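Sequence first, predicted coordinates after that:
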Amino acid sequence: MEDTLQKNWAPTSWLEKPVKQLPAYPNQKELEDSFKTLQKLPPLVTSWEIEALKNKLAQVSAGKSFLLQAGDCAESFSLTNSPKIVNTVKVLLQTSFILIHELGVPVVRLGRIAGQYAKPRSKDFEEVDGEMIHNYRGDLINGFEPNKEARTPDPQRLIEGYHKAALTLNFVRALADEGFADLHHPEQWELDFMKNNEYYKEYEAMVESITKAVKFVDAISPDRFSSFQKVDIYTSHEALNLYYDSAQTRKVPRKTDFYNLSSHMVWLGNRTRELDGAHVEYLKGIANPIGIKVGPPYTIDDTLKLIEELNPTHEAGKIVLITRFGKSVIEDELPGLIQAVRREGFPVVWSSDPMHGNTFSSSNNYKTRNFDHILQEIKSAFAIHRAEGSYLGSVHLELTGDNVTECVGGAKGLNEDGLDHNYETFCDPRLNYEQSLEMAFLVAKEWKQSYS
Ligand code: PEP
Ligand code: CO
């Protein structure tokens, strides 16, 4: 990183800038104590893992591999438990195996995991029983229960978030290292649900060949899956609560750059990407790969400036540009953005987040998304990139390995009446286990049509 550009940068230089989406903590002394405690705790990830991820992302931007970024909208402290983590790892691995098998290129797995505890909200406050209380902003900031006490921003949660992230990551690493026993039993793939739906003919060949591949690998070499998995599950979260991220931003021996050692990658949210704001100031000083969410309202000009600001050396693998326009906006906006980024020669990884532009309220008042709308944005994204001669190398999904009922549609045909069955999300609606596997097949189908 250029010394001259970074002269006045420090992990906390963002404190001098206007900051959005971060409520004031009522007790400054407690905040400082938590911050200092966090600064001294050991790192969750290492700089060489971060560099390895960046190298892999450079391969994605060169069109040689694919990035799957997926996980909860918001993780919660109370769900830091074995079944939850096992199910998340299982769905991440299975969706990635579907992609590897179908695409025939390496797939980089990046969880929204082990730190995704802070959420941007459209309103700072909400009214409960006639009283205005802070909106819930994720477990890293305040509690979910709708009362004044729980909702008051509590700096102790920064430390708790660190511990929960550490416990999660420890188990994720153990599962990945051990080999995930569940996966090489074909019956654990639970693909039968696809047989019941109207598109079955389209899936049939894919489902059969995946099942055969799993059986084959299991028969000839039961250990193959474990060595296969040992590869990697990287972590990511939105760099939203900058106290959390900057307290864990450090220099490491024999390197000149600063690294955010709380996560392999962090991303800049759609609501905090002002060029002169605190979040951009913080992100421009770290060497981690950075995701940038881009969707309305935005301008191409500002987006180009942002990329330049965060990656002045045009390092490949540094920026993942995650578009989240919504199914009816993408056609108008994406072609111009692709052309502009190409004109500037920025080596970005293009990613499609088909979730955040397609949220709506169901008639029975659930925040939901429709599987078909999500798919429509993905299809448009692939079609537009293909037409522009550009490589769409990633999808960004909100999903869970659990059998929730949060998004309508999919092979099981979940409708609005079924939403209250198992609606569990703390924030945005996620694809459930079956919807996630189905989406992986459909993403693979679109990719193959575009690039093979
Ligand atoms: C998110 O990824 O959960 C999110 C809030 O996205 P965006 O910043 O794109 O709205
Ligand atoms: Co979300």
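Received the coordinates, thanks. Ligands and ions are numbered 1, 2, ... in the order given.

Surely Leu57 touches Gly317?
Yes - Leu57 is within contact range of Gly317, at 3.6 Å (criterion: C-beta atoms under 8 Å). In this view, the C-beta of every residue, glycine as well, is placed from N, C-alpha and C.

which parts of the stretch 51-200 of the chain sit against ligand 2?
Selection of the stretch 51-200 of the chain residues close to ligand 2 by C-beta under 5 Å from the ion yields Cys73.

Where does pLDDT dip in the stretch 51-200 of the chain?
Along the stretch 51-200 of the chain, the model assigns pLDDT under 70 to residues 178-189, 196-200.

And the residue of it that's closest to ligand 1?
Closest residue of the stretch 51-200 of the chain to ligand 1, C-beta to the nearest ligand atom: Cys73 (4.8 Å).

where does that residue sit relative to Ala213, distance-wise?
32 Å (C-beta to C-beta, to the nearest Å).

what about the two, which has more around it?
Taking neighbours as other C-beta atoms under 10 Å, Cys73 and Ala213 compare with Cys73 leading, 22 against 14.

check contacts around Leu334.
Counting by C-beta atoms under 8 Å, 6 or more residues apart in numbering, Leu334 touches 323, 325, 380-381, 384-385.

quick one: it from ligand 1, how far?
Leu334 is 15 Å from ligand 1, where distance means C-beta to the nearest ligand atom, to the nearest Å.

So if I had to pick from Leu57 and Gly317, which one is more boxed in?
In this view Leu57 and Gly317 are compared by other C-beta under 10 Å, and Leu57 has more residues nearby, 28 against 21.

Which other helices and strands does the helix or strand that one falls within contact?
Secondary structure assigned from DSSP states H and E places Leu57 in helix 47-61. Helices and strands touching helix 47-61, as assessed by 3 or more C-beta pairs under 8 Å, 6 or more residues apart in numbering; DSSP states H and E, comprise strand 66-71, strand 107-112, strand 349-352, strand 392-398.

Pretty sure Lys293 sits in a strand.
Yes - with DSSP: H, G, I helix; E, B strand; the rest coil as the criterion, Lys293 is located in a strand.

Please tell me how far it sits from ligand 1.
Following C-beta to the nearest ligand atom, the distance that separates Lys293 from ligand 1 is 4 Å.

quick revisit: ok, residues contacting the helix holding Leu57?
Counting by C-beta under 8 Å, 6+ apart, residues outside helix 47-61 touching it are 65-67, 106, 108, 110, 232, 234, 252, 255, 257, 259, 261, 264-265, 287-289, 315-318, 320, 347-349, 391, 393-394.

Show the buried residues in these.
Using 16 or more other C-beta atoms under 10 Å as the burial test, those include 65-67, 106, 108, 110, 232, 234, 252, 259, 261, 264-265, 287-289, 316-318, 320, 347-349, 391, 393-394 as buried.

near ligand 1, which residues of this protein?
73, 120, 269-271, 293, 295, 324, 356, 428 (C-beta under 6 Å from any ligand atom).

Tell me which of the residues you listed fall in helices.
Applying DSSP state H to the residues of the chain next to ligand 1, no entry is found in helices.

what two of those residues have the greatest distance between them?
Cys73 and Gly295 (15.3 Å; C-beta to C-beta).

and the residue of the stretch 301-450 of the chain nearest ligand 2?
Asp428 (3.5 Å; C-beta to the ion).

ugh, wrong one, I meant the stretch 201-350 of the chain
Among the residues of the stretch 201-350 of the chain, Glu238 lies nearest to ligand 2; the distance is 8.7 Å by C-beta to the ion.

Just list the residues touching that residue, thanks.
Glu238 makes contact with 116, 118-120, 266-269, according to C-beta under 8 Å, 6+ apart.

give me that answer again for 6 Å
267, 269 (C-beta atoms under 6 Å, 6 or more residues apart in numbering).

Can you report phi and psi for it?
phi -70, psi 130 (degrees, to the nearest 10).

circling back to that earlier point, neighbour-wise, which of the contacts of Leu334 leads?
Thr323 (30 neighbours).

Quick check: nearest residue in space to that one, chain neighbours excluded?
Spatial nearest neighbour of Thr323, excluding adjacent residues (C-beta to C-beta, 6 or more residues apart in numbering): Val294 at 5.3 Å.

my guess is that neighbour contacts Gly326, does it?
No - judged on C-beta atoms under 6 Å, Val294 makes no contact with Gly326 at a distance of 11.9 Å.

So which of the two has more stuff around it?
Shown here are Val294 and Gly326; by other C-beta under 10 Å, Val294 has more neighbours (24 against 18).

Just the pLDDT at the more buried one, thanks.
Looking at Val294, its pLDDT stands at 98.

How about the one 4 residues further on?
Here, the pLDDT recorded for Tyr298 equals 96.

now that we're looking at it, which residues does it contact?
Applying C-beta under 6 Å, 6+ apart to Tyr298 gives no contacts.

Then the one 5 residues further on?
Applying C-beta under 6 Å, 6+ apart, one finds that Thr303 lies in contact with Val294.

In which helix or strand does it reside?
Per DSSP H and E: Thr303 is located in helix 300-310.

same thing with Pro354?
Using DSSP H and E, Pro354 sits within no helix or strand.

Now do it: how many residues are near it, please.
By other C-beta under 10 Å, 28 other residues sit near Pro354.

can you tell me which residues contact it?
Taking C-beta under 6 Å, 6+ apart, we find Pro354 in contact with 374, 377-378.

how about a cut-off of 8 Å?
Pro354 neighbours (C-beta under 8 Å, 6+ apart): 324, 327, 373-378, 381, 395, 397.

want to throw these into TSV with secondary structure and distance to Trp14?
Output for these, formatted as TSV (DSSP: H, G, I helix; E, B strand; the rest coil; distance: C-beta to C-beta, whole Å):
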residue	secondary structure	distance to Trp14
Arg324	coil	24
Lys327	coil	34
His373	helix	35
Ile374	helix	33
Leu375	helix	38
Gln376	helix	37
Glu377	helix	32
Ile378	helix	34
Ala381	helix	32
Val395	strand	30
Leu397	strand	29
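
Can you tell me what sits against stretch 139-152?
Residues from elsewhere that reach stretch 139-152, judged by C-beta under 8 Å, 6+ apart: 23, 26, 74-78, 117-118, 126, 128, 131, 133-136, 153-154, 157-158, 160-161, 164, 241, 244, 426.

What's the separation between the closest residue to Arg250 other than its chain neighbours and ligand 1?
The shortest distance from Arg250 to any non-neighbouring residue, by C-beta to C-beta, 6+ apart, is to Leu261 (5.9 Å). Computed as C-beta to the nearest ligand atom, the Leu261 to ligand 1 distance reads 22 Å.

do the same with Val408
Distance from Val408 to ligand 1, counting by C-beta to the nearest ligand atom: 19 Å.

ok, for Ala213, nearest residue in space, not its chain neighbours?
Take Ala213 and drop its neighbours on the chain: the residue closest to it by C-beta to C-beta, 6+ apart is His101, 5.9 Å away.

The one you found contacts Ser209, correct?
Yes - counting by C-beta under 8 Å, His101 touches Ser209, with 7.3 Å between them.
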